[in-house]
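Trainee: pasted the sequence and its predicted model underneath.
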Amino acid sequence: MQRMRMRQAVVAALRDAMRDDQKVVVIGEDVAAAGGVFKTTEGLVQEFGVERVRDTPISEMGFLGAGVGAAMAGLRPVVEVMFVEFMGVAMDQLLTEAAKMRFLAAGRLSVPLVVRASIGAGLGFGAQHSQTLETWIMGTPGVKLAVASGSASAYGLLRAAIRDPDPVVILEPRRLYAQWEEFEPSDYDSMTLGSSRKLRDGSDVTIVALGGTVPSVMEGTDTKDWSADVIDLSSVVPWDKEAVLESVRRTRRLVTVEENPLTGGWGTEVVAHVCREAFGDLENPPFRITAPDTPIPFAQNLEAQWVPGVTYIKNQLDEFMATGRVPQPWWNREQTA
Amino acid sequence: MTLASVDTYLSRRHRLATNRTSWLERILEIRAVEETIAKLFTDGLVRGSTHTCQGQEAIAVGVALALDPSDSVVGTYRGHGIALALGLTPTAVLGEVLGRKSGSIMGLGGSMHLSEPSIGLLPTMAIVGAGIPIAAGLAFAAQVEKTNRVAVAIFGDGASNIGAFHEGINLAAIWDLPVIFVCENNLYGEYSPLHTTTPITDIANRAASYNIPGHVVDGQDVEAVKSALDTAIARARGGAGPTLLEMKTYRFSGHSRSDPAQYRPDGELDSWLARDPLKILIDRLLQNGELDTPGLEELEKTTARRVESDLEQVLKDPPPDTADLFRYVYTSDI
């Protein structure tokens, strides 16, 4: 077993992949000499050299596009986008080029590209450096999407993404980079995209969490009042429909916990699919715990309220389990109070 | 219906380099295919849009002549010419435009999306400028793997105003990537004349800000195009980095099938028709005795007939199957 911070797990995944396969290269802003702004590429340039670990100008469209081309030519580039918002200026390359190249070559080429980006609120980075933005990516066929929730999953998902022959986006919750977790890397070598992780067995309610909400959900469901089956969804495209349905059919209740605005989050897909496939098995209406439809505020009190935290998650679940009714989100209560 | 094999494409590529008459034959073929496609649209036989390249064929042929089949080209939605020049068959182009299974990608793409990686034809891009960073990336792979390959991005004058142009060329320059940026300056970005969108007349001047060579080239002359590419490719293979080549050219048609190009000043088209790449090459071959008038007439006739008969067959070809829709989204089902 090794004890690592999540950022060290990212370095380990990149290092192991680069040792295994000469075609793996890492490019991005300050990934080489500086070892990454979040220290997620530390030591790579020293081991693998400037041919395979390259600093880029601040031009996401240019270097993400270069990643697309390099992948089409057979390399396995891992492109770091420092904050997921910076993907906005490179979106054409990801969603309109990378996602469609295999289709537009009728399968005669593939794009084994990995794009990593840091996500999430809670550290006071403000409205343009705090979002999760799964919704930007999940609606375009041709790209896979997974979100790390700690050191083990960051390692396993990144290894899986680099092995994958198609474009994969890996999102890493920034506030988890410094968190420690003990795990055995070789146990996670064979982790696959599209598989969820069962983190707690329970029988009363299925809670589906992703990325930064996973640790909060684990803490918020640590109760004797009711028992939760907790699933770390891990991958959003594709997502583990079987595991969620199996769980919901047993617990007869479904709640998703998402760090994104209410409208259009990944939980809408999960809830819609469960309603379609297992409506008759549901004891109570499924619901989604999310953030409100606002930009992310800076002031610490407001930011803490914006992100679904442990207390809020627990209160929502307690009310749901006690009444069987969907609780109002905090912003509706405050506005109507 | 017969699907052409990689061998067919490669042999067409080799055939192009036979002699200057085979260059002419390919330009005639491109012209015939483009005119056929324009007519198909006018007749309402196909859907969507198309962007033909009559007048710009010398660039396609010159680029193809200078490259090896293992080099890569990222072209644009005005891509039928470069596809044919690199070796794709008229059947694969017409089939794609008509949405038939005999098309380059089985009708999944349409007129703007042709692809045949075996001859270096990467998917043509329907987003202005998008191919520029991608070509830099192809060259990055060649540099890392030391394959001695080069990549070419072809784009229009309009693309020189989009961010991808700056970011892609800048990256290629700082990394000395083996890539050649080929700007087809046909004087119009969609319907807008160059001077209304761009503060300079020579796009090649933009190379100065990336500290790379930039050259203006006569895009109507196959030999001028080939020679400029030869120099840039030698430089790239030698590790000295990218070059920006601006091909001065003109599209004899409008931007797309819905554009009659009424915005052109009187006489402009005529002056460029006098510099038709076909005419320039024909005059040279006749003067030089490489071709005589009966030989030329025969070549024109057989090329036209060949394209005509390819079209007849394509019109009988089936559309893609429902299963083809799902086959190429991911490498395996998700």
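Mentor: Everything's here; your move. The structure presented is a predicted model; accordingly, all values stated were derived computationally and were not measured.
Trainee: when you work out contacts or count neighbours from here on, use the C-alpha atoms and nothing else.
Mentor: Fine.
Trainee: whichever residue of the stretch 201-337 of chain A sits closest to chain B - nearest residue in space that isn't next to it in sequence?
Mentor: As assessed by CA to the nearest CA, chain B sits closest to residue A:238 within the stretch 201-337 of chain A, at 6.1 Å. In this structure, residue A:238 finds its nearest non-sequential neighbour in residue A:194, 4.9 Å apart by CA to CA, 6 or more residues apart in numbering or on different chains.
Trainee: check contacts around that neighbour.
Mentor: By CA atoms under 8 Å, 6 or more residues apart in numbering or on different chains, the residues touching residue A:194 are A:234-240, B:334.
Trainee: want to throw those residues into a markdown table with pLDDT, distance to residue B:26 and neighbour count?
Mentor: Shown next, in a markdown table, are the contacts of residue A:194 (pLDDT from 0 to 100; distance: CA to CA, whole Å; neighbours: other CA atoms under 10 Å in any protein chain shown):
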| residue | pLDDT | distance to residue B:26 | neighbour count |
| --- | --- | --- | --- |
| A:234 | 98 | 53 | 30 |
| A:235 | 98 | 49 | 25 |
| A:236 | 98 | 48 | 24 |
| A:237 | 98 | 45 | 23 |
| A:238 | 98 | 46 | 18 |
| A:239 | 98 | 49 | 22 |
| A:240 | 98 | 52 | 20 |
| B:334 | 84 | 43 | 11 |
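Trainee: quick one: which of those sit in strands?
Mentor: Under the assignment DSSP state E, these contribute A:235-237 to strands.
Trainee: make sure the residue of the stretch 201-337 of chain A closest to chain B is actually in contact with residue A:192.
Mentor: No. Judged on CA atoms under 8 Å, residue A:238 makes no contact with residue A:192 at a distance of 10.5 Å.
Trainee: surely residue A:259 is within a helix?
Mentor: No. Applying DSSP: H, G, I helix; E, B strand; the rest coil, one finds residue A:259 to be strand, outside a helix.
Trainee: tally of neighbours for residue 23?
Mentor: Just so you know, I chose chain A. 19 (other CA atoms under 10 Å in any protein chain shown).
Trainee: sorry, should have said chain B
Mentor: There are 23 residues near residue B:23, going by other CA under 10 Å.
Trainee: apart from its neighbours in sequence, what residue is nearest it?
Mentor: Leaving aside its sequence neighbours, residue B:23 sits nearest to residue B:16 (CA to CA, 6+ apart; 5.8 Å).
Trainee: so residue A:324 makes contact with residue A:284?
Mentor: Yes. Applying CA under 8 Å, one finds residue A:324 in contact with residue A:284, separated by 5.8 Å.
Trainee: for residue B:214, what are phi and psi?
Mentor: Phi and psi for residue B:214, reported as degrees, to the nearest 10, are phi -130, psi 130.
Trainee: residues contacting the residue of the stretch 1-150 of chain A found nearest chain B?
Mentor: For the stretch 1-150 of chain A and chain B, the shortest gap (CA to the nearest CA) falls at residue A:66, measuring 3.5 Å. By CA under 8 Å, 6+ apart, the contact list for residue A:66 reads B:133-138, B:140, B:168.
Trainee: just give me the neighbour total for the nearest residue to residue B:186 once chain neighbours are set aside.
Mentor: Nearest residue to residue B:186, sequence neighbours excluded (CA to CA, 6+ apart): residue B:250, at 4.2 Å. Residue B:250 has 24 neighbouring residues, counting by other CA under 10 Å.
Trainee: part of a helix, is residue B:250?
Mentor: No. Using three-state DSSP, the assignment for residue B:250 is coil, not a helix.
Trainee: next one, pLDDT for it please.
Mentor: Looking at residue B:250, its pLDDT is 96.
Trainee: how much space separates it from chain A?
Mentor: Applying CA to the nearest CA, to the nearest Å, the value for residue B:250 to chain A is 28 Å.
Trainee: re the thing from before, host element of the residue of the stretch 1-150 of chain A closest to chain B?
Mentor: Under the criterion DSSP states H and E, the helix or strand holding residue A:66 is helix A:60-72.
Trainee: give me the mean pLDDT for that helix.
Mentor: The average pLDDT for helix A:60-72 rounds to 98.
Trainee: in chain A, where is pLDDT below threshold?
Mentor: Residue ranges of chain A with pLDDT under 70: A:334-337.
Trainee: tell me how many other residues surround residue B:258.
Mentor: 12.
Trainee: skipping adjacent residues, who's closest to it in space?
Mentor: The nearest residue in space to residue B:258 (CA to CA, 6+ apart) is residue B:49, at 7.7 Å.
Trainee: quick one: what helix or strand has the residue positioned nearest the centre of chain B in it?
Mentor: The centroid of chain B falls nearest to residue B:82 when counting by CA atoms, centre = their mean (2.7 Å). Using DSSP H and E, the element containing residue B:82 is helix B:80-86.
Trainee: can that helix be said to contact chain A?
Mentor: No. Using CA under 8 Å from any CA of the partner chain, helix B:80-86 stays clear of chain A, with a minimum separation of 13.1 Å.
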